[in-house]
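Novice: Model the structure of this input:
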Amino acid sequence: MDYRGTGASDKPDVPYSTRGFADDAIAVLDKLGVDQADVYGTSMGGRVAQWVAAVYPHRVRRLVLGCTSAGGVHGIERTNEVRRALVRPDSRTALVDMMYTPGWRAENPGPYTTLGDHGMPPHAVRGHLLASNSHDAWDVLPDIAASTLILHGDDDVLAPVANAQLLAERIPQARAHIFAGARHAYFEECRPLSSSLVVEFLGQSCR
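Specialist: Residues are numbered from 1 along each chain as shown. Down below sits the predicted model:
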């Protein structure tokens, strides 16, 4: 599914929010006739997935949150140095470095397809940035009823790893797994292990 403002989805010039993206995800499930789903979101998708699971608990069987944050005053935000790097003319180079370790890049030279939609119109780019920056799901995290697996790399500067423990403590049925040495794109660099953890988690009987 492409979020509004990206890919093949409409790109209205209206305010965007992670809560609104969650409603969009539910609208897609409704259209497909899917009453309940396993939800796996990373980064911005993890922020959206928090709302999906908290506001629509009966629609989520199991939840996986990757390299993400609760946002707001309780979230551990990236440093100003990282923020500045992301708005420089060479931001794509900086982003690749934040996503993958040098050793993994040497063995996997790209192209990297997890760096976002570079065809987004300027208003959509701004809208997504504001949606991410204004995300704050802290108050509703205890409403998440689904068993939850939290995954994170411990060398992640885009979403510092301290966020994983905060989420694990705030969500009732949550546990966290941290990938040593991994950056933001742990799901690619640590794919064999991360995928097996997710598959095993999703295959377990619900409590």
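
Novice: all helices for the protein, in order.
Specialist: 18-32, 44-55, 80-87, 91-99, 102-107, 122-133, 162-170, 186-189, 191-203 (DSSP state H).

Novice: between the ones you listed, which gets nearest to residue 70?
Specialist: helix 162-170 (6.0 Å; Cβ to Cβ). (Glycine included, C-beta is placed from N, CA and C.)

Novice: Can you list the buried residues in the closest one?
Specialist: By 16 or more other Cβ atoms under 10 Å, the buried positions in helix 162-170 come out as 163-164, 166-168, 170.

Novice: who does that helix touch, helix- and strand-wise?
Specialist: Applying 3 or more Cβ pairs under 8 Å, 6 or more residues apart in numbering; DSSP states H and E, one finds that helix 162-170 contacts strand 147-153, strand 174-179.

Novice: show me the contacts for residue 168.
Specialist: 150, 174-176 (Cβ atoms under 8 Å, 6 or more residues apart in numbering).

Novice: and what of residue 25?
Specialist: 1, 39, 48, 52 are the contacts of residue 25 under Cβ under 8 Å, 6+ apart.

Novice: Dump those into TSV; add neighbour count as well.
Specialist: What follows is the contacts of residue 25, written out as TSV (neighbours: other Cβ atoms under 10 Å):
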residue	neighbour count
1	13
39	25
48	27
52	27
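
Novice: Looking at the residues you listed, spot the one nearest residue 113.
Specialist: residue 1 (16.0 Å).

Novice: re earlier: filter the contacts of residue 168 to the buried ones?
Specialist: Buried, going by 16+ other Cβ under 10 Å: 150, 174, 176, out of the contacts of residue 168.

Novice: mind showing which ranges of the protein have poor pLDDT?
Specialist: 205-207 (pLDDT under 70).

Novice: got the CA positions of stretch 186-205 in PDB?
Specialist: What follows is stretch 186-205, C-alpha atoms only, in PDB (Å, rounded to 0.1, in the frame of the first residue of the first chain):
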ATOM      1  CA  TYR A 186      17.900  -3.800  10.000                       C
ATOM      2  CA  PHE A 187      15.100  -5.600   8.000                       C
ATOM      3  CA  GLU A 188      17.500  -5.700   5.000                       C
ATOM      4  CA  GLU A 189      20.900  -6.000   6.600                       C
ATOM      5  CA  CYS A 190      19.700  -8.600   9.100                       C
ATOM      6  CA  ARG A 191      17.000 -10.100   6.900                       C
ATOM      7  CA  PRO A 192      17.600 -13.900   7.600                       C
ATOM      8  CA  LEU A 193      17.300 -13.400  11.300                       C
ATOM      9  CA  SER A 194      14.700 -10.600  11.400                       C
ATOM     10  CA  SER A 195      12.500 -12.500   8.900                       C
ATOM     11  CA  SER A 196      12.700 -15.700  10.900                       C
ATOM     12  CA  LEU A 197      11.800 -13.900  14.100                       C
ATOM     13  CA  VAL A 198       8.800 -12.400  12.500                       C
ATOM     14  CA  VAL A 199       7.600 -15.600  10.900                       C
ATOM     15  CA  GLU A 200       8.000 -17.500  14.200                       C
ATOM     16  CA  PHE A 201       6.200 -14.700  16.100                       C
ATOM     17  CA  LEU A 202       3.300 -14.600  13.600                       C
ATOM     18  CA  GLY A 203       3.000 -18.400  13.700                       C
ATOM     19  CA  GLN A 204       2.400 -18.500  17.500                       C
ATOM     20  CA  SER A 205      -1.000 -19.100  18.900                       C
END
